[in-house]
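Trainee: this one's sequence-less:
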C-alpha cells in the first residue's frame, strides 16, 4: 500500500522512525514535509499528487469527514504530574476549578481531576464542544469546553505545553487562568494576555479606518475552507463602497501577501487563530482582521461618515 | 467564468487591478496568494479546490502541458537602456559578447544586440534551450542559452534585475560575466559568485560525510515533480547501507524540514535552485544536496571506507 504520513510540527521528529516501521511491513511510504496545524489541515493535495492509497495523520483526532482514506493515529503523551502540587499555592482562594487540556494529555484528565479533588477543590470539566470531541479538550480553534463553564468556576487550569492552546481559551473566558506546563515546569497566570488581546483587536480596527481595498483570506485546507463566508464578506465590503478581492491559498505566506501591495487590510476566514496570532505578520499598518473586527470597522466607518456629512 | 489569477511575487502588486478588469467583464475572480516561482509552479491544486474553470498565470510562458485550462499572460517590461553606454567601459578587451535576459525583457534583445554591434562587438545569442522557449532567454532552472555559447564568447552580459537569474548562468559558464541592471542602474562582474558556489558545494559534501539518514525532497508542483529521481536516489542511498525517506510538499518550508530532526542531510529533486540558493536554510550542518553532490558524497564515503578497512 502506498501511504503518505503526516505529523504536526512537534511530532515531525518521529517521522523517520514511523516510516521505517511501515516500510518493513511492505508498504511504500512517503512523509509530508508541509507545515501541519491540525486535522483541519490534512495533506490531501499531496496524497492525491503522489497517488497515495491512504493518508496517515498523527496526533489529531478526526475534525470532519473528508473524501479520502485517512487514518488518524492518536499520540498520547504522558506528562509528569509532579508539578500539580506546586500549582496549589497559586489556587488558594479558588474553590471551583475548571480544567482544560489538549488531545495529547486528555487521558490524564482523570488523574488531574482526582488530584485537585483530593486537595479540596471542586473540579468542573466542560463537555465536548464543537470540533473538540473529548470532555475538557480544547483546540486552537475551539475552546467551548472552557467558555461554557466560565460561570461555574472560580479559576481555570490549562495543563500542557505552550501558549497556543491556552491563549484561545483565556480570550474566551473571564476567570483567572492558570497555565501549568509539566515539561517546562512552569506555572503562571496568563490573564494579562486577555487584556492585551482586547487592546490589539481595538488597535487593528482603528488602524484600518482608512482602508479602502481589502484582501479576504480563504484557505483551501479541508477544515478551514469557508468560501461562503469569504463571498459574504466581499459583498458586505463592496456594499460599503469599498474594494474587496478573495485571496486563495493553502497555507498563507505572509511575505506573498505583503507583496500584494494594493491591499490596505486583510480579513481572515481561515483558521480563526490567524487573526489572533498572525494579525500583524503582513505589516503592522495592514492588519489581518477577523470577520467580527471587520463588522466593527464597517459600522464605525458608517457612523463616522454620518457625522462628517 | 470562474477564474483564479496567479502572479509571480514581483507582479502581485498588480493583482487587484487585473482582478477588477476581469470582474467587470462578468467573471467570478479569485487571486492565488501562494508564493509563485514560475510556470513550473501553477496553482492547480488551488484552482481545483475552488472549482475554477480557468487558471490565468501572469508573467511566465508555458513550461510544459498540464491537464488543466491554463492561460499564460506574458508580462513584458520595457527597461530603460541608457545604462548600456556605461557598460562599454566594462567590456573593453572583450570582442565576442553573449547576451542573456529573462522573459520580461526578451523583446528588447534586438535593441541590445544592435547597440553592442554598433559599438564594435560581435554579439552571440544562444538558441532556445530546454524550458526556455526564446533565443537568449534564461530561467532559474535553465541556462542552456548561456552554457551552449560559452566557447564562442569572450564575456557574457545579463540584462535584467536581481541576482537570481544570472547566478544560475554564471555557475554554468566560464567566461567573465557582467550583470547590467537597468532599474537599479548597477553594473558589475559576478565571477566571484562562480568560485563561491563551487566552494559551498564542496563544503556541503564534506559536512555531510557523517550523515546516515537522508530526507529526499520531492515537490508536488507540476513542473518540479520528479518522483522517479526521488525513488532512484532513495535506492542508491539504501544500497550504500544508509537510511533515506522521501519527503513530499508543494512549497518546501524550511522550518518544517528542520523539525524532522532525525535526518542528517537532505537531497533535492525539486527546483534545482533549492540546492543552490536555499542549501543552508534548514541548518548549516544539515545541507540540502543536489543529486550530483549526493553522488560525490557516496563515492567519497565508499573510498574512505575502503581506505579504513
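Mentor: Here it is on my side, so go on. Please read these numbers as outputs of a predicted model, since none were measured by experiment. Numbering: from 1, shown residues only, chains lettered A, B, ... in the order given.

Trainee: Residues contacting stretch A:41-54, please?
Mentor: A:1-4, A:6, A:30, A:32, A:34, A:36, A:55, A:57, A:66, A:68-71, A:220-224, A:250-251, B:45, B:49, B:218, B:220, B:225, B:227, B:248-250 (C-beta atoms under 8 Å, 6 or more residues apart in numbering or on different chains). To be clear about C-beta, it is placed using only N, CA and C from the backbone, and glycine gets the same treatment.

Trainee: part of a helix, is residue A:234?
Mentor: Yes: using DSSP: H, G, I helix; E, B strand; the rest coil, the assignment for residue A:234 is a helix.

Trainee: tell me which residues of the lowest-mean-pLDDT helix or strand in chain A are tucked away?
Mentor: Across the helices and strands of chain A, mean confidence by mean pLDDT, DSSP states H and E is lowest for helix A:291-308: a mean of 92. Judged by neighbour count using 16 or more other C-beta atoms under 10 Å in any protein chain shown, the buried positions of helix A:291-308 are A:291, A:293, A:294, A:296, A:297, A:298, A:301.

Trainee: check the residues you listed against chain B, which are close?
Mentor: Subset of these in contact with chain B: empty, counting by C-beta under 8 Å from any C-beta of the partner chain.

Trainee: Which neighbouring elements make contact with the least confident helix or strand of chain A?
Mentor: Judged by 3 or more C-beta pairs under 8 Å, 6 or more residues apart in numbering or on different chains; DSSP states H and E, the packing partners of helix A:291-308 are helix A:191-207, helix A:227-239, strand A:265-268.

Trainee: low-confidence ranges in the stretch 201-309 of chain A?
Mentor: Nowhere does the stretch 201-309 of chain A drop to pLDDT under 70.

Trainee: what residues does it put near chain B?
Mentor: Residues of the stretch 201-309 of chain A lying near chain B (C-beta under 8 Å from any C-beta): A:213, A:215, A:217-218, A:220, A:225, A:227, A:243, A:245-253, A:255-257, A:259-263.

Trainee: rerun at 7 Å
Mentor: A:213, A:220, A:227, A:243, A:245-250, A:252-253, A:256-257, A:259-263 (C-beta under 7 Å from any C-beta of the partner chain).

Trainee: Could you count how many residues lie near residue A:127?
Mentor: The local packing of residue A:127 (other C-beta atoms under 10 Å in any protein chain shown) involves 12 other residues.

Trainee: pretty sure it contacts residue A:145?
Mentor: Yes: at 6.5 Å, residue A:127 counts as touching residue A:145 under the criterion of C-beta atoms under 7 Å.

Trainee: circling back: please work out which of the helices and strands packed on helix A:291-308 is packed deepest.
Mentor: strand A:265-268 (a mean of 29; mean count of other C-beta atoms under 10 Å in any protein chain shown).

Trainee: what about the closest residue to residue A:284 other than its chain neighbours, distance to residue A:109?
Mentor: Once flanking residues are discounted, residue A:284 sits nearest to residue A:207: 7.7 Å by C-beta to C-beta, 6 or more residues apart in numbering or on different chains. Applying C-beta to C-beta, to the nearest Å, the value for residue A:207 to residue A:109 is 41 Å.

Trainee: Show me where chain A has its strands.
Mentor: A:2-6, A:28-32, A:54-58, A:70-73, A:96-101, A:122-124, A:155-159, A:177-181, A:186-189, A:213-219, A:243-249, A:265-268, A:288-289 (DSSP state E).

Trainee: from these, which stretch is densest packed?
Mentor: Note that of the strands of chain A, strand A:265-268 is the most buried (mean count of other C-beta under 10 Å), with a mean of 29.

Trainee: related to what we said a few turns ago, where do the contact lists of residue A:127 and residue A:145 overlap?
Mentor: residue A:135 (C-beta atoms under 7 Å, 6 or more residues apart in numbering or on different chains).

Trainee: quick one: buried residues of stretch A:131-142?
Mentor: A:131, A:132, A:134, A:135, A:136, A:137, A:138, A:139, A:140, A:141, A:142.

Trainee: what's in contact with it?
Mentor: A:38, A:61, A:63, A:99-103, A:106, A:109, A:125-130, A:144-146, A:164-165, A:168-169, A:271-273.

Trainee: low-confidence ranges in the stretch 1-150 of chain A?
Mentor: Looking at the stretch 1-150 of chain A by pLDDT under 70, you get an empty list.

Trainee: Show me which residues of it sit near chain B.
Mentor: Residues of the stretch 1-150 of chain A lying close to chain B by C-beta under 7 Å from any C-beta are A:4, A:9, A:12-13, A:15-17, A:19, A:30-35, A:45-46, A:49-50.

Trainee: So which of the residues you listed are in helices?
Mentor: Per DSSP state H, helices hold the following members of those: A:15, A:16, A:17, A:19, A:45, A:46, A:49.

Trainee: Return the closest of the residues you listed with respect to residue B:201.
Mentor: Checking these against residue B:201 by C-beta to C-beta gives residue A:16 as the nearest, at 25.8 Å.

Trainee: Skip the chain neighbours and tell me the closest residue to that closest one.
Mentor: Per C-beta to C-beta, 6+ apart, closest to residue A:16 is residue B:262, 4.0 Å.

Trainee: Turn the helices and strands packed on helix A:291-308 into TSV, columns for distance to residue B:192.
Mentor: As requested, the helices and strands packed on helix A:291-308 are exported to TSV (distance: least, C-beta to C-beta, whole Å):
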stretch	distance to residue B:192
helix A:191-207	45
helix A:227-239	49
strand A:265-268	41
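
Trainee: Tell me which of these approaches residue A:287 most closely.
Mentor: Among the helices and strands packed on helix A:291-308, the nearest to residue A:287 by C-beta to C-beta is helix A:191-207 (3.9 Å).

Trainee: what is the orientation angle of that closest one with strand A:155-159?
Mentor: If you take axes from the mean of the first three to the mean of the last three C-alpha atoms, to 10 degrees, helix A:191-207 sits at 90 degrees to strand A:155-159.

Trainee: How far off centre is helix A:191-207?
Mentor: Remark: helix A:191-207 is offset 18 Å from the chain centroid, using C-alpha atoms, centre = their mean, to the nearest Å.

Trainee: what does it rub up against?
Mentor: Residues outside helix A:191-207 that contact it (C-beta under 7 Å, 6+ apart): A:167, A:170-171, A:176-177, A:276, A:279, A:285, A:287, A:289, A:293, A:296-297, A:300.

Trainee: Give me the most central residue, chain A.
Mentor: By C-alpha atoms, centre = their mean, the mean C-alpha position of chain A lies nearest to residue A:140, the distance being 2.3 Å.
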